[in-house]
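Undergrad: kindly generate the corresponding structure for this input.
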Amino acid sequence: MFFKNNRLSVGGAGLVSAGAAAFFVISFMAGCAKYSAQPLRSVNTINPRDMQEDSGKKPEKSISLAYHAFDKNDCKTYLGRDVLAKGYQPVQVSITNNSDRYINIAKSNFSLPSVPALDVAKKVHTSTITRATCYGVAGLFLWPFLIPAVVDGMKSSEANHRLDDDFSRKEFPDQIVAPFNTVSGLIFVPKNEFNPYFTVTAVDVEKRVRFVLNSYKPYLKI
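TA: Model (predicted):
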């Protein structure tokens, strides 16, 4: 009788352990790796149309620049990751073309060095191997842990793809800015090379005239 009860006790303990592990798995499913970030906010440039709206004068033809250097909270809100901790300073740049010219803007014409968004994204990926390995080892002893090993690997991979897509969409692209349009996006500057004073060279597509904007004097009549 003693041995029978002992076996029941051991069996019961195993069921409790498995049940606890199963409860952990269910709880885990709600906390799998994910990626969530808000759209970039507006960074307003100087608009001569607003400045001269009440004067009755014809607005000046110009280009203007505005920027915002992200802090840690901005990184978490708009990028979902603290890229500053990985050594990159995100800078949101807006440029307004208040003229009838077509203006070429390229990241190579920024005085600040920048790193491609996808390279930065890889630095802040969720590690699928490390997380899956931890659950896989636990699964050798309690089978329910094998479930999060599989699920977390899939969720982490999905989160990384979403992160890559979002970083790419938010990156400032090389582009031709049409007349009376504003463009905006992020550049990722190595943190130790960031300088709040920087220049951006814009090029008139037709006449090949170069215009240099700088962050301290961000408005240029053309």
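
Undergrad: can you give me the helices for the protein?
TA: Secondary structure of the chain by DSSP state H: the helices cover 2-29, 48-51, 72-78, 117-123, 128-139, 146-170.

Undergrad: least confident of these, on average?
TA: Confidence, taken as mean pLDDT, is least for helix 2-29 of the helices of the chain (a mean of 46).

Undergrad: how close does the closest residue to residue 166 other than its chain neighbours sit to residue 74?
TA: Nearest residue to residue 166, sequence neighbours excluded (Cβ to Cβ, 6 or more residues apart in numbering): residue 37, at 5.7 Å. Using the backbone N, CA and C atoms, a C-beta is placed for each residue, glycine as well. Counting by Cβ to Cβ, to the nearest Å, the gap between residue 37 and residue 74 amounts to 11 Å.

Undergrad: same question, residue 62
TA: 28 Å.

Undergrad: who's more crowded, the two?
TA: Neighbour totals were compared for residue 62 and residue 74, and residue 62 leads with 20 against 17 (other Cβ atoms under 10 Å).

Undergrad: who's the closest residue to residue 44 other than its chain neighbours bridged to?
TA: Nearest non-adjacent residue to residue 44, counting by Cβ to Cβ, 6+ apart: residue 66, 6.0 Å away. Under DSSP bridges, the beta-bridge partners of residue 66 are residue 94.

Undergrad: tell me who's in contact with residue 66.
TA: Residues near residue 66 by Cβ atoms under 8 Å, 6 or more residues apart in numbering: 43-46, 93-94, 218.

Undergrad: likewise for residue 35?
TA: 80, 159-160, 162-163, 166.
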